[in-house]
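A predicted structure for the sequence below; I have some questions about it.
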Amino acid sequence: MVVKAAAITTLILLAALTVPQLTLTEAEAGGVKNSAYALNQILERAIKNVQTVLNEEEGNKAYEALKTRLEEAETLAERAQKALNEGAYQDALNISLKALNIVKSIAAEIKESEEEQIVAASHSTLRMNAILCNLKNLTDSAAVKGYNVSNLSEKLEAVSKLVEEARSLSAKGDALGAGRRVAETKIMLGHLVSSLSQAYAKEKIKLAEEYVNKILTRISGAEDAKSRFKEQIEELNSSKRQIQAGNLSIAIKRVNEAMKRMEKNLNEEIKELSDELLTLEKRLNVIKARGVNIEREEKMLQEVSKLVEQAKAFLEKGDYITARMKLAEAEDVLERLR
Amino acid sequence: MVSESNTKTVLIAATLALLLFTNTVHAIPAAYEPKRLTATIYADGYVLIEYEVEANPLLPSINLTLFGERFEDLIIVSGDGLLLDYNFTQNGLEVNTLGLTDIKVSYLTQDLTNKTGRLWTFTIDAPVDITVKLPQELTVVGLNKAPLSISSEGETLTIVFEGGMLTLNYIVALIKPTATEQSEVRWWGWLGYTALVAGVVFVGAVVTWITLRRRRAAKSYVKEKRVIDVEKILALKPDLRPDDKEVLRFLAEAGGEAFEAELRSRFNLPKTSMWRMVRRLQREGLVGVKKVGGQNLVYIREEPEIGGGTDVPQNP
């Protein structure tokens, strides 16, 4: 009977252990397969392009040696491909990484070329274009929300022209001219960002006001927090006045300071409570050693510990009000214990 | 036998010990959680970082850790496109999130790349999975870990890596197209210009016509049927790889020639692998390649030719 029960328990345990393991292995296998195929593509492209670069310098003896080394990488790539076809994905991955290492060592020995500068010039316009597109989208989104951004549209048009000029100059090989246009574009883009930020000033004031109101409402809803955070309430009210006067940066600075002080106060209280708990525990142990029944006190001590831990968790979430409420509860229990 | 009272004492002592340990550490609220990270690498060493985080809605501002030390064209917006204010502090970048949660940061930095000779190295310690975008002129030649996936968006290669330290080596090169590709590029360029004048409909019609013509040319091509003693050829080249031998046997069975696409489908191989295999056989002087209707037709060479290959293969 005992043997049967043990066998069944073992089987259940084995099943419980094996099922998730199988699922995990399948998922891992899928991941390895995708990785292996992705890496193989990168490797194929690397070999092909490095070969093209080497072929551009016909007759370079140093490059001939590199070509021979590239053939080693090619052979490995073929082995990796074979492993892929056979479903040995981990092998394919390892072989491909090894082959890619060879390609990297070859690439490190290829000398710099002028064409890099040409590409770099064209890419400087490419990245400016990416920033411009981002700003265009943001401006469109502001327009949809009803903000007056008509002056921005004209500026955007001017920047677009500059980027286009830079692109055209770099295509003609005039890297210097393209560079100048890119520099001008950067300055104009900076102005555009400031203007766009300005267009949103009212919305930011509204948001800041909502945020401060929300915090104040929460504090006033918790009696204990209301009395403990008196200074912070004052600071928040003062920052609210600054927000209404349009001094957003000063207001946010004050809100930040008020919140930082709340965080600091809470941390100090948590530390004080934890220290007191330890002292109480020591005293209770002495009493207990004398044979006195302190079961009730032990329970209370445990409750306080739990509440302090909860307060700490809320503090870590940034919820200072709930953290304060938990500490107030802990103090109540502690008061009874004292 | 441990009494209930003793168990409680142990439990309390453990909780208090934990408290004693943790109360030495100042509790700091978690300001944000990284969500998405994209890095677009450019040939001039700049990297465009696009970073999305979920900010703590209970905090008025967050201290954000960015990648690199110097940031250009820094833009921070909320999920619905509101430009947010920020300032640099001793702790990094302080962003006034004002209770908003979805925060998107974008900027350019040169601090993530460095160059030795021709070899560039991009390094980043990514807190989440990272998507790396590379324009076509950038070729990855080294990685410290395998990618999760790879895809192409237009002329940009997109590679996704698991979070953590990533080192990616690349070179910048203008990969010139082959002669055929060049003529195709010129032709398409002219066609594109014409299309601007004549309209999209015309382009569609031309493309359809060309595709059909090519398909018809390839379809209407009547393959030669030769009787080839493949074993005799194989006997001349005993060192051939088994895969290569199979391709030759298949060609012989097909009457001496087959399109490269047919070979790929028969042997279930990707384009580049099949191209390499055909190139190998060309080097051995066993097969030749000719263009028929825009497709590569691979044929077994006439016996007297076998022995030394001269054909230059087309890139796949």
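Received it, and whenever you're ready, just let me know what you need.

the stretch 51-200 of chain A: strands as residue ranges?
Read by DSSP state E, counting those that start in this stretch, the stretch 51-200 of chain A holds no strands at all.

show the contacting residues for the residue of it found nearest chain B.
For the stretch 51-200 of chain A and chain B, the shortest gap (C-beta to the nearest C-beta) falls at A:K104, measuring 3.3 Å. Where C-beta positions appear, they are placed from N, C-alpha and C, glycine not excepted. Taking C-beta atoms under 8 Å, 6 or more residues apart in numbering or on different chains as the criterion, A:K104 is in contact with B:119, B:141-142, B:169.

need the helix or strand of chain B with the lowest average pLDDT.
helix B:179-198 (a mean of 52; mean pLDDT, DSSP states H and E).

give me the neighbour count for A:G146.
7 (other C-beta atoms under 10 Å in any protein chain shown).

contacts for stretch A:87-100, please.
For stretch A:87-100, contacts defined as C-beta under 8 Å, 6+ apart pick out A:29, A:32-33, A:35-36, A:39-40, A:42-43, A:46-47, A:73-74, A:76-77, A:79-81, A:83-84, B:141-143, B:146.

rewinding a little: and the contacts of A:K104, which of them are in strands?
Of those, the ones assigned to strands by DSSP state E are B:119, B:141-142, B:169.

same list (the residues you listed) but as CSV, adding pLDDT and neighbour count.
Below are these laid out as CSV (pLDDT from 0 to 100; neighbours: other C-beta atoms under 10 Å in any protein chain shown):
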residue, pLDDT, neighbour count
B:L119, 95, 21
B:V141, 96, 30
B:G142, 96, 23
B:N169, 97, 24
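
out of these, which touch chain A?
Among the ones in strands among the contacts of A:K104, proximity to chain A is found for B:119, B:141-142, B:169 (C-beta under 8 Å from any C-beta of the partner chain).

between those residues, which is closest to B:I62?
Nearest to B:I62 among these is B:N169, at 33.7 Å by C-beta to C-beta.

tell me who's in contact with that closest one.
Applying C-beta under 8 Å, 6+ apart, we find B:N169 in contact with A:104, A:107, B:119-122, B:140-143.

what's the closest of those residues to B:I130?
For these, the nearest to B:I130 is B:F122 (10.4 Å; C-beta to C-beta).

tell me which element that closest one falls in.
strand B:119-126 (DSSP states H and E).

can you give the strand pairings for the helix or strand following that strand, parallel or anti for each?
The helix or strand immediately downstream of strand B:119-126 is strand B:130-135, counting by DSSP H and E. Strand pairing for strand B:130-135, determined by DSSP bridges: strand B:32-41 (parallel), strand B:156-161 (antiparallel).

TSV please, covering these and showing mean pLDDT.
What follows is the strands paired with strand B:130-135, written out as TSV (pLDDT from 0 to 100):
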stretch	mean pLDDT
strand B:32-41	96
strand B:156-161	94
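
can I get those strands in TSV with mean neighbour count?
Formatted as TSV, the strands paired with strand B:130-135 follow (neighbours: other C-beta atoms under 10 Å in any protein chain shown):
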stretch	mean neighbour count
strand B:32-41	18
strand B:156-161	19
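
so who does A:A330 touch?
When contacts are counted by C-beta under 8 Å, 6+ apart, A:A330 is found next to A:273, A:304, A:307-308, A:311.

of those, which pair is most distant in space?
Taking C-beta to C-beta, no two of the contacts of A:A330 sit farther apart than A:V304 and A:A311, at 10.5 Å.

ok, back up a step: what subset of the contacts of stretch A:87-100 is buried?
A:32-33, A:35-36, A:39-40, A:42-43, A:46-47, A:73-74, A:76-77, A:79-81, A:83-84, B:141-143, B:146 (16 or more other C-beta atoms under 10 Å in any protein chain shown).

give the contact list for A:E72.
For A:E72, the contacting residues are A:I102, by C-beta under 8 Å, 6+ apart.

per-residue pLDDT, the one residue in the stretch 151-300 of chain A that gets nearest to chain B?
Closest contact between the stretch 151-300 of chain A and chain B, by C-beta to the nearest C-beta, is at A:S274 (3.8 Å). pLDDT, A:S274: 89.

name the element it belongs to?
Judged by DSSP H and E, A:S274 forms part of helix A:248-289.

other SSEs contacting that helix?
Under the contact criterion of 3 or more C-beta pairs under 8 Å, 6 or more residues apart in numbering or on different chains; DSSP states H and E, helix A:248-289 touches helix A:201-221, helix A:230-244, helix A:295-317, helix A:320-337, helix B:4-22.

figure out which of those is closest to B:I28.
With C-beta to C-beta as the yardstick, what comes closest out of the helices and strands packed on helix A:248-289 is helix A:295-317 (7.2 Å).

C-alpha coordinates for the helix or strand hosting B:L297, CSV please?
Assigned by DSSP H and E, B:L297 belongs to strand B:295-300. Taking Å, rounded to 0.1, in the frame of the first residue of the first chain, the C-alpha atoms of strand B:295-300 are listed here in CSV:
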residue,chain,number,x,y,z
GLN,B,295,16.2,33.7,-64.7
ASN,B,296,19.4,31.7,-64.3
LEU,B,297,19.5,28.5,-66.4
VAL,B,298,22.1,26.1,-65.1
TYR,B,299,23.3,23.5,-67.6
ILE,B,300,25.9,20.7,-67.6
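
what helices or strands is that strand leaning on?
In terms of contacts (3+ C-beta pairs under 8 Å, 6+ apart), strand B:295-300 is packed against helix B:242-253, strand B:257-259, helix B:260-267, helix B:271-283, strand B:287-292.

report all helices and strands that the longest one contacts.
When contacts are defined as 3+ C-beta pairs under 8 Å, 6+ apart, helix B:271-283 packs onto helix A:2-55, helix A:61-85, helix B:242-253, helix B:260-267, strand B:287-292, strand B:295-300.

tell me where the model's unsure across the chain.
Answering for chain A, as no chain was given. Along chain A, segments meeting pLDDT under 70 span A:1-29.

meant chain B, my bad for not saying
Within chain B, the set of residues satisfying pLDDT under 70 comprises B:1-25, B:176-204, B:206-208, B:210-219, B:303-316.

right, so of the helices and strands packed on strand B:295-300, which gets closest to A:L135?
Closest among the helices and strands packed on strand B:295-300, using C-beta to C-beta: helix B:271-283, at 39.6 Å.

what is the neighbour count of B:A30?
12.

ok, it touching A:F314?
No: in this structure, B:A30 is not within contact of A:F314 by C-beta atoms under 8 Å, at 11.8 Å.

would you map the helices across the stretch 101-250 of chain A?
A:114-144, A:150-171, A:175-199, A:201-221, A:223-228, A:230-244, A:248-289 (DSSP state H, counting those that start in this stretch).

now render these as JSON lines, adding mean neighbour count.
JSON lines is the format used below for these (neighbours: other C-beta under 10 Å):
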{"stretch": "helix A:114-144", "mean neighbour count": "19"}
{"stretch": "helix A:150-171", "mean neighbour count": "17"}
{"stretch": "helix A:175-199", "mean neighbour count": "17"}
{"stretch": "helix A:201-221", "mean neighbour count": "17"}
{"stretch": "helix A:223-228", "mean neighbour count": "16"}
{"stretch": "helix A:230-244", "mean neighbour count": "17"}
{"stretch": "helix A:248-289", "mean neighbour count": "17"}
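
reformat these as TSV; add distance to B:Y86.
What follows is the helices of the stretch 101-250 of chain A, written out as TSV (distance: least, C-beta to C-beta, whole Å):
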stretch	distance to B:Y86
helix A:114-144	15
helix A:150-171	20
helix A:175-199	10
helix A:201-221	12
helix A:223-228	29
helix A:230-244	18
helix A:248-289	11
